[in-house]
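**Student:** Fold the following and give me the result.
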Amino acid sequence: MAKQLLIDATMGRRTPIAPWVPYAGVNCAYLIREKADAYFKDPGLMAKGVAAAARTYHADGIPLLFDLSVEAESVGCAVEYWEDNVPSVRSHPCDKLPPEAAGLALPEKTSGRWPVIFEAARIVRPQLDDMDCAMLGLMTGPLTLASHLAGVRIFTAVKRDPDFAHAVIRFAGEIGARAAAFYAEMGCDIIAIVDPVASQIRPETFREFVTPNCRDAVRTIHEAGLASSFFICGDCTKVAEEVCRVGTHAFAVDEQMNLNFIRDIALKHGKGFGGNLKLTLALSLGLISPREDALISLAAGGTQGYTFAPG
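**Tutor:** Just a heads-up that it's a prediction; the model follows:
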């Protein structure tokens, strides 16, 4: 376990070996034999699960939680809880009205589950420090959060109703900056903007709607003296260059991407990069050997800004 090793890799620096981060979200609840719906509402359980994951997987860094409904719930979206999965967003207050007209306001530390997360961080941070393990804060990116606020309408609105789309995604970016400030206050070492659906849009749409609405969050993270990253899912080939221009120190991809391609783009832009252990084919289904998959990823990633992690 080596927190500084992970921070250095995230900053794009060369490291003696590649650090390791398991994105153990709801799996943390499984490790301590708790149901997810109780886990995500209880700071004691959350802290216990995060510490158990860090210990079990010998992690160099671990997310405080991996739940992209937190910000949405804290501004008024209805959320449904599940015993075996992360919560899901069930209502979209901006499906017909922009945020201001819908009466939405930016979250406070007392909104939604933020008090639970603050308390979980307070409990688990000293334990992670003792393990020399970094604590990661994962905040929902602007396009993904906008899809929670407005539903699927946001994906057509970027072309058909750009004023509406700008209003919703701008508000999502403001929420993200507030979330980044919360995670910095909690003592996170690295804060990542997690925008999985940003791979579904064109590069010019990414430049117009995603990049500018990450700036406040990135500025907040960097002014706090912390390392930053941008997580994206799916086939992000067409927007990979745009991801490098968001302003974060690093980015991470999922198993659909070729790690050689991602490595070359990251090195070109001086970014750290993460992935690409196959979560589905190797870890979940066992269709390929997890050991061999890990060795391939480590060989491709190298030791210049690379973080070994599930894709």
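**Student:** quick one: the helices in the stretch 101-250 of the chain?
**Tutor:** With DSSP state H, counting those that start in this stretch as the definition, the stretch 101-250 of the chain shows helices at residue ranges 114-130, 142-150, 153-160, 162-186, 203-205, 215-223, 240-244.
**Student:** Tell me which of those lies nearest to G25.
**Tutor:** Taking C-beta to C-beta, helix 114-130 is the member of the helices of the stretch 101-250 of the chain nearest to G25, at 13.2 Å. Bear in mind the C-beta positions are built from the backbone N, C-alpha and C, glycine included.
**Student:** Next, the angle helix 162-186 makes with the closest one.
**Tutor:** Put simply, helix 114-130 runs at 50 degrees to helix 162-186, going by axes from the mean of the first three to the mean of the last three C-alpha atoms, to 10 degrees.
**Student:** OK, contacts around D84?
**Tutor:** Each residue near D84 by C-beta atoms under 8 Å, 6 or more residues apart in numbering is listed here: 26, 35-36.
**Student:** Out of the residues you listed, which end up buried?
**Tutor:** Burial of the contacts of D84 was assessed by neighbour count (16 or more other C-beta atoms under 10 Å); the buried members are 26, 36.
**Student:** Kindly present the contacts of D84 as CSV, with separate columns for pLDDT and secondary structure.
**Tutor:** Written out in CSV, the entries for these read as follows (pLDDT from 0 to 100; DSSP: H, G, I helix; E, B strand; the rest coil):
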residue, pLDDT, secondary structure
V26, 96, coil
K35, 98, coil
A36, 98, helix
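**Student:** Can you name the residues bridging to the most centrally placed residue in the chain?
**Tutor:** To find the centre residue of the chain, average its C-alpha atoms and take the closest one (C-alpha atoms, centre = their mean): that gives V194, at 3.3 Å. Applying DSSP bridges to V194 yields these beta-bridge partners: T140, F231.
**Student:** do you know how far it is from D216?
**Tutor:** As defined by C-beta to C-beta, to the nearest Å, V194 lies at a distance of 16 Å from D216.
**Student:** Equivalent analysis for K238, please.
**Tutor:** Using C-beta to C-beta, which is the criterion applied here, K238 is 25 Å from D216.
**Student:** The two: who's more crowded?
**Tutor:** With neighbours defined as other C-beta atoms under 10 Å, K238 and D216 compare such that D216 has more, 19 against 13.
**Student:** list the contacts for that one?
**Tutor:** Applying C-beta under 8 Å, 6+ apart, the residues contacting D216 are 173-174, 176-177.
**Student:** Now with 7 Å, please.
**Tutor:** Residues in contact with D216, defined by C-beta atoms under 7 Å, 6 or more residues apart in numbering, are 173-174, 177.
**Student:** If you tally nearby residues, what's the number for the closest residue to G234 other than its chain neighbours?
**Tutor:** When the adjacent residues along the chain are set aside, G234 lies closest to S199, with 3.9 Å between them (C-beta to C-beta, 6 or more residues apart in numbering). For S199, the neighbour count with other C-beta under 10 Å is 22.
**Student:** Quick check: F251 is in a helix.
**Tutor:** No: with the criterion set as DSSP: H, G, I helix; E, B strand; the rest coil, the secondary structure at F251 is strand rather than a helix.
**Student:** Would you confirm that it contacts E241?
**Tutor:** No: judged on C-beta atoms under 7 Å, F251 makes no contact with E241 at a distance of 10.9 Å.
**Student:** Can you pick out the residue with more neighbours from these two?
**Tutor:** Neighbour comparison, F251 and E241: the larger count goes to F251, with 27 against 14 (by other C-beta under 10 Å).
**Student:** Which residues does that one form beta bridges with?
**Tutor:** Beta-bridge partners of F251, counted by DSSP bridges, are F230, F273.
**Student:** ok now do it, which residues does it touch?
**Tutor:** For F251, the contact set (C-beta under 7 Å, 6+ apart) comprises 229-230, 232, 243-244, 271, 273.
**Student:** Pull the contacting residues for the residue nearest to G234.
**Tutor:** Contacts for S199 were tallied using C-beta under 7 Å, 6+ apart; they are 232-236, 239.
**Student:** same check, this time on F164
**Tutor:** Residues in contact with F164 (C-beta under 7 Å, 6+ apart) are 98, 157.
**Student:** any idea how far it lies from E71?
**Tutor:** Using C-beta to C-beta, one gets 20 Å for the distance from F164 to E71.
**Student:** for T237, same thing?
**Tutor:** Applying C-beta to C-beta, the value for T237 to E71 is 28 Å.
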